[in-house]
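# Sequence and predicted model, in that order:
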Amino acid sequence: MTQRMILNETAYFGSGAIAHLAEEIRRRGFKKALVVTDKALIEHGMAAKVTRLLDGAALPYEIYDEVIPNPTIRVVQNGVAHFKHADADYLIAIGGGSPQDTCKAIGIIINNPEFADVRSLEGVAATRRASVPILAIPTTSGTAAEVTINYVITDEEKRRKFVCVDPHDIPIVAFIDADMMSSMPASLKAATGIDALTHAIEGFTTKGAWELTDMLHLKAIEIISRSLRDSVAGKAQGVEDMALGQYIAGMGFSNVGLGLVHGMAHPLGAFYNTPHGVANAILLPHIMAWNADYTGEKYRAIAVAMGVKGVESMTLAQARTAAIQAVSQLSQDVDIPARLRQVGVKEEDIPALAQAAFDDVCTGGNPRAASVKEIEALYHAIF
């Protein structure tokens, strides 16, 4: 069986990594950037850390700051118009998953105008040309959008999120700079951190997993498990380690897919604007328990990576329980809600949520096949 790995052309890691931005732009001969970000990052001065570098190097740019959490079709369409008006030739994404995903959609549509109807990008779109070049600067430690071939757009009209999977959308350069992530509020560090853990665990257990991605996912689980509590507490080393751990998880899952946790989380974002990391965190231990009998020895490996003692001598059932408990404990320690009702989910919406989750592209990668009725029962159980 043939396997495929797609990663960034170049990535910089560590505090101060964005200092290499201007040299990468000059080396590649780019002329003018559209900087894609959101108003909160403008107001809090995070985007200015990047634009000051551009100003200092006399590199022209314009800013598009209309990105919102769970970016919509309209946000993408407006971004395409801004790119054209700016006469830009490359993109700089500053932010978490939302600006990164918006950038990918803009870049793909500019170079593949036959997909101007954003909905046509859902799933594995048959684009023919690579995106406009994207330089990605994440400000959260979770989505790993800077190293993945995936992006997610919200269709407000139909109250649904759709996942786009396209090897043409990956940023050419990523700057994994912990200094850009250190000022995140603790709640955001927690949510995005559990999102990264979900990527690693689902990527490790998905149907498409193989030895190379298993190696990446286990290392990501190890780093995230030991670092997330310190990151949430504001410790610099924890923040830097989380930046690396989430990126490694992205290297893996981007190439093998995810599972039912993400399939069930996406509708929550579309229906209620639930933060994606929070949705994943609530769902993860429950879906792990539901999947357990279909994962072989993998939960034992997860428990070992999470630092659980004595796992090697446990029965398989005990090791699986230990892994699930370790995940639950980590979520509790960083104050993630435990139930869907705590984040505004309405029980009467569950049938529609279940259908949307069943239709989600991530669900097909789950190690245990799920029917609409089974997904509905899971939502009720976690409510």
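Structure received.
# how far away is the residue nearest to I336 when sequence neighbours are not counted from R341?
Excluding its sequence neighbours, the residue lying closest to I336 (CB to CB, 6 or more residues apart in numbering) is A281, at 4.2 Å. (Each C-beta comes from the backbone N, C-alpha and C, glycine too.) Distance, A281 to R341, using CB to CB, to the nearest Å: 15 Å.
# out of these two, which sits in the more crowded spot?
Counted by other CB atoms under 10 Å, A281 and R341 do not tie: A281 has more neighbours, with 28 against 12.
# pretty sure that one is in contact with H199, am I right?
No. Using CB atoms under 8 Å, A281 is not in contact with H199; the gap is 12.0 Å.
# Where do the domain boundaries of this structure fall?
Residue ranges for the domains of the chain, per the TED database: 10-180, 186-382.
# and the end-to-end length of the first one?
The reference is to domain 10-180. End-to-end distance of domain 10-180 (CA to CA, to the nearest Å): 18 Å.
# One more: stretch 2-21?
35 Å.
# Just the residues contacting that stretch, thanks.
Stretch 2-21 is contacted from outside by 24, 49-50, 53-54, 92, 135, 137, 146-147, 149, 167, 170-180, 210, 212, 240, 243-244, 247, 251, 254-255, using CB atoms under 8 Å, 6 or more residues apart in numbering.
# From those residues, list just the buried residues.
Buried members of the contacts of stretch 2-21, scored by 16 or more other CB atoms under 10 Å, are 49-50, 53-54, 92, 135, 137, 146-147, 149, 170-180, 240, 243-244, 247, 251, 254-255.
# Just give the number of residues close to I6.
Count around I6 with other CB under 10 Å applied: 13.
# go on, the one 4 residues further on?
Taking other CB under 10 Å as the neighbour definition, T10 ends up with a count of 15.
# Look up phi and psi at it.
Note on T10: backbone dihedrals following degrees, to the nearest 10 are phi -140, psi 140.
# Any buried residues in stretch 349-362, and which?
Quick answer for stretch 349-362 (16+ other CB under 10 Å): 349-350, 353-354, 356-358, 360-362.
# on that earlier part again, what residues are up against the residue nearest to I336?
Applying CB under 8 Å, 6+ apart to A281 gives the contacts 190-191, 194-195, 198, 331, 336-337.
# For those residues, could you give me TSV that also reports secondary structure, neighbour count and pLDDT?
Shown next, in TSV, are the contacts of A281 (DSSP: H, G, I helix; E, B strand; the rest coil; neighbours: other CB atoms under 10 Å; pLDDT from 0 to 100):
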residue	secondary structure	neighbour count	pLDDT
A190	helix	25	94
A191	helix	27	92
I194	helix	25	94
D195	helix	30	94
T198	helix	29	97
S331	helix	23	94
I336	coil	22	91
P337	coil	15	92
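# So the residue sitting furthest away from the middle of the chain versus D293, what's the distance?
Relative to the centre of the chain, the most outlying C-alpha is that of S313, 34.6 Å out, by CA atoms, centre = their mean. For S313, the distance to D293 (CB to CB) stands at 21 Å.
# Skipping its backbone neighbours, what lies nearest the residue nearest in space to the middle of the chain in space?
By CA atoms, centre = their mean, the chain has its centre lying nearest to T143, at 2.3 Å. Nearest non-adjacent residue to T143, counting by CB to CB, 6+ apart: G97, 3.3 Å away.
# Run through the residues that contact the one you found.
140, 142-143, 145, 152, 276.
# ok, which pair from the residues you listed is furthest apart?
T140 and V152 (14.5 Å; CB to CB).
# Which parts of this protein are helices?
Counting by DSSP state H, the chain has helices at residues 21-28, 39-43, 46-56, 73-86, 97-111, 186-205, 211-232, 236-256, 260-272, 276-291, 298-305, 316-333, 350-359, 372-382.
# ok, back up a step: possible to save the domains of the chain as TSV with distance to R4?
Below are the domains of the chain laid out as TSV (distance: least, CB to CB, whole Å):
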stretch	distance to R4
domain 10-180	8
domain 186-382	6
